Structures are given as C-alpha cells and as structure tokens.
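Peer 1: Just to be clear, the model below is a prediction. Sequence and coordinates:
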Amino acid sequence: MRWESNVREEFVDPQKRSQDESDDGEMLDEVGLRPRSLSDFVGQRELKEHLSIVLEAARRRGQAADHLLFAGPPGLGKTTLAGIVATEMSAHLHVTSGPALERAGDLAAILTKLEDNDVLFIDEIHRLSRTVEEILYPAMEDFQIDIVVGKGPSASSIRLTLPKFTLIGATTRTGMITGPLRDRFGLVARLDYYDENELQSIISRAAGILQVNIDAQGAAEIARRSRGTPRIANRLLRRVRDFAEVRGDGTVNKKSANEALSVFGVDELGLDKVDRAVLSAICVQFGGGPVGLSTLAISVSEQTETIEDVYEPFLIQQGMIARTPRGRVAMPLAYAHLGLQTPAQDPDLFA
C-alpha cells in the first residue's frame, strides 16, 4: 500500500548555511534570519528554561525529547523553536501542517519514514481532522500505528512499530486542541508578545545578517512599531532598509525609520491599514459596536480567521477593542487613536 504525503524534510545543522544565505543578503528571507540555537533565541525566558531542561535530560538519557506543543499568536517563533529543537538534538526535522494532512494515509506515510530521534513538526495542528488526529494517539503514546490493508471482508489490520520520535505541534488556537491530544504532549508552552528591548536585540541581530547599517535609535524605532512580534520586526527592517537605500544614504536611523514606516502606512503604535480599518469599522460604521465577527470581516474585506488570529489579539492587548457576549466593541483608546470623540459607554455591553 502506497501513500502520497505533503511533507518537507530538512536536516538542521547549526554549523552549515547555504551559499546563498551567507553570501547574498538579498536572498535572505525569514528562514535565513531565524536563530539556530537556544542561546541565540531572544526572549521567552521561561519557555527557554523549560525547553533547555527537557532537551538536556533527553540528551543525557540518549532518548528522543518528549512531545512539545507551542501555542501563541502568529510570528512569535513557534516554527523557529521547532528547528532549534532539531538542532539541539542533532536530529532530522520533518515539516508539515494540519491542513496538508487530509487523510489518515498522509500521516501514516510520514510516520513510517521517520527514524530514531527525528522531529516531526506539524504547524496549525488544531486543523487536523478527527480521523488523522486519532492516528496520532497511539503513535505519540506507544510509537505504534495500525494500518488497514484491503477493503471489505478481506480487510485486515497490521500494527507497525515506529521509531522513537518527537512530535512538535504549533497552534494559534489552543482552545481548538482536543483534550486527548493536548494531554499527550509532555510540555505545553505558550509564547507571549515580546517587549521593545527584546525586539531591538532581534532587529540588531537581523541587521547584522542582512548587512544593514543601523544605529540603536533606528532599531528602537522599528521595535516600537513591531507589535511585539519578531516576524513583523524583521519585515519592517527590510522595508526600512529598502527606503534608506532608495531615498537616503543606506543608513537606518530614527529619522529614516520614521519616514519609511510612515510611507508604508505603519503608525506610531505599529497599526497598519487593516488595523485602522477594523477600528474605523467598529467605531464609525457600527457606532462603537457590538458587531459580530463575520460582519466585521466582511466590512474590511478580510477572512474571519485573519481578523481573529492576526489583528484582534494585538488590538485587544492594547485595550482598543474588547470581545463581549454580543460582539466586538470599541474602547476609548480606539477612538483616541482615530482622533474621534468617545461616546458614552452602554453599561449593558458586557452583560
């Protein structure tokens, strides 16, 4: 029986980098900017401490590390940490995602190709179908899977023993992970937003890799507008670099960073065009709310998942919007940011 699977295999070697990555700054993408070891990973201090203990214990025992679940908003380093785990364990990294595993056979094909101590990373693990998820249960607990061969009365079940591997799941929606799956992870860790000092360190490191001439004030200005997210910080750094090269002398300082981010529509709080559209829709179009998620998504021409996973978390964290039983409502800070007068609050909104 043969399965086709959607999986990408990588061998993570902290000492090796491709010629393109090391010699051509323009070819560096987000992968090239990722740290390769826990010591290079900035932020998430408590998570790093827990992870270092788990990995060191596994190395001393000569075993695969326990299964790990990383949760948190997009862009905080879940995929990067999966690569670091593989590096620290000198293991092969196999990368796939929940939506790519449509059938039980897709997952079975991947599992049967694993070797001892390999790391299997499943991004968006909350989007696994129930059928595929149930294949994972015995694979995670007993390192075995049952495969049905044939159809109808002649069908038979074959039990295969799998090598000892480490499963790493990543999710932006912890609440959608079923209890039986969550309980099979040895370590469940949540990644939090980064503070400005941590982001400034990340930007300075990325600037060194990209060979960008940047001063501390320039890095601080980009960090301040990066929404607590390294992925956004690296993206803004590249755009500011482009602006400095085209409109200036190539040096990134506070002035050039400020001008560049204004040109690209990133305001003082790091909000972009869509963020402001969400706030404006709630404050103006819907009179401050409450407004349902689907209605809000249609009004700004975005998918509900994008609003819920990408834009809402930061706006809620900044105290600009709130979720209530009746829908999303704008808070006084949202009106102030848009330069609007704050209306009187309805005391029943949060009832």
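Peer 2: Arrived safely, thanks for sending. Numbers count the residues shown, from 1 in each chain.
Peer 1: Where does pLDDT dip in the stretch 151-300 of the chain?
Peer 2: Within the stretch 151-300 of the chain, the ranges that satisfy pLDDT under 70 run 151-152, 154-156.
Peer 1: Could I get the full set of helices for it?
Peer 2: Under the criterion DSSP state H, counting those that start in this stretch, the stretch 151-300 of the chain contains helices at 179-182, 196-210, 216-224, 230-247, 254-263, 273-280, 293-299.
Peer 1: tell me what the fifth one is packed against?
Peer 2: On a contact count with 3 or more CB pairs under 8 Å, 6 or more residues apart in numbering; DSSP states H and E, helix 254-263 meets helix 216-224, helix 230-247. For the C-beta atoms, the positions are set from N, CA and C on the backbone; glycine is no exception.
Peer 1: how far off helix 254-263 does the first one point, in degrees?
Peer 2: So the one you mean is helix 216-224. Helix 216-224 and helix 254-263 are oriented at 30 degrees to each other (axes from the mean of the first three to the mean of the last three CA atoms, to 10 degrees).
Peer 1: Can I get helix 216-224 in CSV, CA atoms only?
Peer 2: Provided in CSV are the C-alpha atoms of helix 216-224 (Å, rounded to 0.1, in the frame of the first residue of the first chain):
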residue,chain,number,x,y,z
ALA,A,216,20.4,52.0,18.2
GLN,A,217,17.8,54.7,17.8
GLY,A,218,16.8,53.3,14.4
ALA,A,219,16.4,49.8,15.8
ALA,A,220,14.4,51.1,18.7
GLU,A,221,12.0,53.0,16.4
ILE,A,222,11.3,49.8,14.4
ALA,A,223,10.9,47.8,17.6
ARG,A,224,8.4,50.2,18.9
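Peer 1: Could you chop this protein up by domain?
Peer 2: Residue ranges for the domains of the chain, per the TED database: 20-190, 196-264, 273-338.
Peer 1: Turn those into JSON lines, including distance to residue 344 and mean neighbour count.
Peer 2: Below are the domains of the chain laid out as JSON lines (distance: least, CB to CB, whole Å; neighbours: other CB atoms under 10 Å):
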{"stretch": "domain 20-190", "distance to residue 344": "32", "mean neighbour count": "17"}
{"stretch": "domain 196-264", "distance to residue 344": "30", "mean neighbour count": "20"}
{"stretch": "domain 273-338", "distance to residue 344": "10", "mean neighbour count": "18"}
